[in-house]
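**Q** model the following, please.
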Amino acid sequence: MGKITGFKEFERKDETYKSVKERVSNYNEFTVPLSKDEITKQGSRCMDCGIPFCHSACPLGNLIPDFNDMVHKGEWKKANYILHTTNNFPEFTGRLCPAPCEQSCVLGIIDDPVSIENIEKNIVEKAFAEGWIVAQQPSVRTEKKIAIVGSGPAGLAAAQQLNRAGHSVTVFERDDALGGLLRYGIPNFKLEKNIIDRRIAILKEEGIEFYTNVNVGVNYSVEKLNEFDAVVLCGGSTQPRSLPTTGIETKGVVQAMDFLTQATKVVLGKKVINQVLAKGKHVIVIGGGDTGSDCVGTSNRQGAKSVTNFEIMPKPPEFRSLSTPWPFWPLQLKTSTSHKEGCERNWLINTKEFISNEKGELTALKTIEVEWKIIPGQRPELIEIKGSEKIWPCDLALLALGFTGPEKTLSDQIGIKTDERSNYNATNFQTNIPHVFTAGDMRRGQSLIVWAISEGREAAKKVDEYLMGYSNLPSKGDGDLPSL
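**A** Just a heads-up that it's a prediction; the model follows:
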């Protein structure tokens, strides 16, 4: 490594943000980048730890110390090359990944960990600015045709890898624009959509064909998939979880993803009929994860009168819990930029009833406080605290409760087996239909974008092996860094 004492000399510094007042007035990204010199110092903090636990924590196996070292030395083009050997889309992960690598950074035992995610983002953005990221068309084409169903990060990663192997790749997307969850599920203030378009343009130049408004199994017969030598299903986990609560059908109780999708479409200039709006309303977001946080940020931008967040689990500790020591993913309170924009957060709250007026419109929520009874060897039991009922004024309740699995349209029509969690069952990404593979959330359940990219890459290698009998595509943990 370059500056062995860098971690002693330089403190961690992260991007700053525009003021709350400024950023909630629009839907643009609001980070304020560090200077090039400061990013170089941050790369210098990588401490030559000997056993880089960040590797094992990263689902992609990113060569983190290697690109950190290149940043320290000012070798940005080499850093970009190293980064792209394992990650097809670092501009996505550099903005949206929760950075499990940082939680496993060895420096994190004694100090603030290396700011890996921000370094990654700066590498790829400099590479785009300098024109280093260009289309890579295969030198030889096979006669094999592959269909990818779904253009989220798993589908895009699989498509690029298989195209690089020389196969002819066609991607089908049921929505009107490419990107899957990245396009409409992630608010613009976290990922401006020109970032997606920029990468899609390169994939098209590489020879990948894309079709939008094609919903396989609905307006495109699954029988047509037989025209392809292999199929990779990357449709995601899109069945939203609901609540067995009185009044759940009340007007004003809305699934979070419906709310976020509508909001993003309007931001992008698309017409949405009967858009659900938070303006002037008391909004309650049920669910404390990233989607719930996105609902908070979007509600504030729409001009909500108040925003409240419910979470049925206990409030996590401010610092890493002893139950999740380094290098494990920590049990620790996460406060997002959206939370800081204005939100009352509540833990150990269970919604008992959605209350409506004579028109069937939501006016309030009835809740009760709860606690969890832990019994060794058994599932935790939810206990309601008597006398703790409360009525909350509410005009809009957003259900951010996660997803129960993929839709069954394709599995039912093609005959794909599902597992006990209702995900598409696959061994080495191959379903019970030999030429049909699956990857991403459709296979593993609701997960992270970084996992989706990893799944797409690994599935591509298995498809290539199935078609050709061997594969030269890289796999996580292959080891050696390609020569610079």
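**Q** just so I have it, where are all the helices in the stretch 201-350 of the chain?
**A** Under the criterion DSSP state H, counting those that start in this stretch, the stretch 201-350 of the chain contains helices at 256-267, 290-302, 337-340.
**Q** ok, the stretch 351-484 of the chain next?
**A** Under DSSP H, counting those that start in this stretch, the stretch 351-484 of the chain gives helices at 409-414, 441-444, 449-468.
**Q** need these in a markdown table with mean neighbour count and mean pLDDT, can you?
**A** No exception for glycine: its C-beta is placed from N, CA and C like everyone else's. Rendered in a markdown table, the data for the helices of the stretch 351-484 of the chain read as follows (neighbours: other C-beta atoms under 10 Å; pLDDT from 0 to 100):
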| stretch | mean neighbour count | mean pLDDT |
| --- | --- | --- |
| helix 409-414 | 18 | 95 |
| helix 441-444 | 26 | 96 |
| helix 449-468 | 24 | 98 |
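**Q** closest to Thr31 out of these?
**A** Comparing the helices of the stretch 351-484 of the chain against Thr31 with C-beta to C-beta, the closest turns out to be helix 449-468 (17.5 Å).
**Q** which secondary structure elements does that closest one contact?
**A** On a contact count with 3 or more C-beta pairs under 8 Å, 6 or more residues apart in numbering; DSSP states H and E, helix 449-468 meets helix 90-96, helix 153-164, strand 230-233, strand 436-438, helix 441-444.
**Q** shouldn't Gly292 be in contact with Ala400?
**A** Yes - judged on C-beta atoms under 8 Å, Gly292 makes contact with Ala400 at a distance of 3.7 Å.
**Q** what sits in contact with each of the two?
**A** Common neighbours of Gly292 and Ala400 (criterion: C-beta atoms under 8 Å, 6 or more residues apart in numbering): Ala256, Val285, Ile286.
**Q** name the nearest of these relative to Tyr424.
**A** Once C-beta to C-beta is applied, the member of the shared contacts of Gly292 and Ala400 that ends up nearest Tyr424 is Ala256, at 23.6 Å.
**Q** number of nearby residues for that closest one?
**A** Residues lying near Ala256 (other C-beta atoms under 10 Å) number 24.
**Q** can you list contacts of the strand of greatest length in the chain?
**A** Scanning the chain for the longest strand, with DSSP state E as the assignment, gives strand 362-373. Outside strand 362-373, the residues that touch it by C-beta under 8 Å, 6+ apart are 247, 250-253, 284, 310, 312-314, 348-357, 380-385, 388-397.
**Q** which PyMOL command selects the buried ones in those?
**A** Listed next is the PyMOL selection for buried residues among the contacts of strand 362-373, using 16 or more other C-beta atoms under 10 Å:
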select buried, resi 247+250+252+253+284+310+312+348+349+350+351+352+353+354+355+356+392+394+395+396+397
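**Q** just the mean pLDDT for stretch 214-230, thanks.
**A** In this model, stretch 214-230 carries a mean pLDDT of 97.
**Q** first-to-last residue distance for that stretch?
**A** For stretch 214-230, the first-to-last residue distance is 18 Å (C-alpha to C-alpha, to the nearest Å).
**Q** kindly report the same for stretch 11-26.
**A** 32 Å.
**Q** one more: stretch 189-208?
**A** Stretch 189-208: ends 29 Å apart by C-alpha to C-alpha.
**Q** now that stretch: buried residues?
**A** 189-193, 195-196, 199-200, 203, 206-208.
**Q** and the two most separated of the residues you listed?
**A** Phe189 and Gly207 (33.3 Å).
**Q** let me see the domain layout of the protein.
**A** What automatic domain parsing lists as the domains of the chain is 6-130, 145-238+404-468, 242-401.
**Q** could those domains go into JSON lines alongside distance to Ser139?
**A** JSON lines is the format used below for the domains of the chain (distance: least, C-beta to C-beta, whole Å):
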{"stretch": "domain 6-130", "distance to Ser139": "18"}
{"stretch": "domain 145-238+404-468", "distance to Ser139": "8"}
{"stretch": "domain 242-401", "distance to Ser139": "37"}
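**Q** pLDDT below threshold where in the stretch 201-350 of the chain?
**A** Within the stretch 201-350 of the chain, not a single segment meets pLDDT under 70.
**Q** same thing but 90
**A** Scanning the stretch 201-350 of the chain for pLDDT under 90 picks out the ranges 321-322.
**Q** can you pull out the strands in it?
**A** Assigned by DSSP state E, counting those that start in this stretch, the stretch 201-350 of the chain shows strands spanning 209-211, 230-233, 239-240, 253-255, 282-286, 306-311, 344-347, 349-356.
**Q** among the ones you listed, which comes closest to Asp112?
**A** Across the strands of the stretch 201-350 of the chain, closest to Asp112 is strand 344-347 (C-beta to C-beta), at 24.5 Å.
**Q** the closest one: which residues count as buried?
**A** For strand 344-347, by 16+ other C-beta under 10 Å, it's Arg345, Asn346, Trp347.
**Q** partner strands of that strand, parallel or antiparallel?
**A** strand 306-311 (parallel) (DSSP bridges).
**Q** okay, angle between the partner strand and strand 282-286 too, please.
**A** 20 degrees (axes from the mean of the first three to the mean of the last three C-alpha atoms, to 10 degrees).
**Q** centre of the chain versus strand 306-311, how much separation?
**A** Relative to its parent chain, strand 306-311 has a centroid offset of 22 Å by C-alpha atoms, centre = their mean, to the nearest Å.
**Q** any buried residues in it, and which?
**A** Neighbour-count burial for strand 306-311 [16+ other C-beta under 10 Å]: Ser306, Val307, Thr308, Asn309, Phe310, Glu311.
**Q** please apply the same query to stretch 227-242.
**A** Phe228, Asp229, Ala230, Val231, Val232, Leu233, Cys234, Gly235, Gly236, Ser237, Thr238, Pro240.
**Q** measure that stretch end to end?
**A** So stretch 227-242: terminal residues 38 Å apart, C-alpha to C-alpha.
**Q** sorry, back to before: quick one: closest of the helices of the stretch 201-350 of the chain to Glu22.
**A** Using C-beta to C-beta, the nearest of these to Glu22 is helix 290-302, at 11.7 Å.
**Q** how near is the residue lying closest to Ala158 once chain neighbours are set aside to Leu348?
**A** Spatially, and ignoring its direct neighbours in sequence, Ala158 is nearest to Gly456 (3.9 Å; C-beta to C-beta, 6 or more residues apart in numbering). Gly456 sits 38 Å away from Leu348, going by C-beta to C-beta, to the nearest Å.
**Q** how about Thr308?
**A** Relative to Leu348, and taking C-beta to C-beta, Thr308 is found at 14 Å.
**Q** next one: Leu63
**A** From Leu63 to Leu348 the distance is 42 Å (C-beta to C-beta).
**Q** do Ala278 as well
**A** Taken as C-beta to C-beta, the span from Ala278 to Leu348 is 25 Å.
**Q** can you get me a residue count around His282?
**A** His282: 20 neighbours (other C-beta under 10 Å).
**Q** same check on Pro138?
**A** 15.
**Q** excluding chain neighbours, what is closest to it?
**A** That would be Gly166: by C-beta to C-beta, 6+ apart, it lies 4.3 Å from Pro138.
**Q** and Pro59, by the same measure?
**A** Ser454 (4.2 Å).
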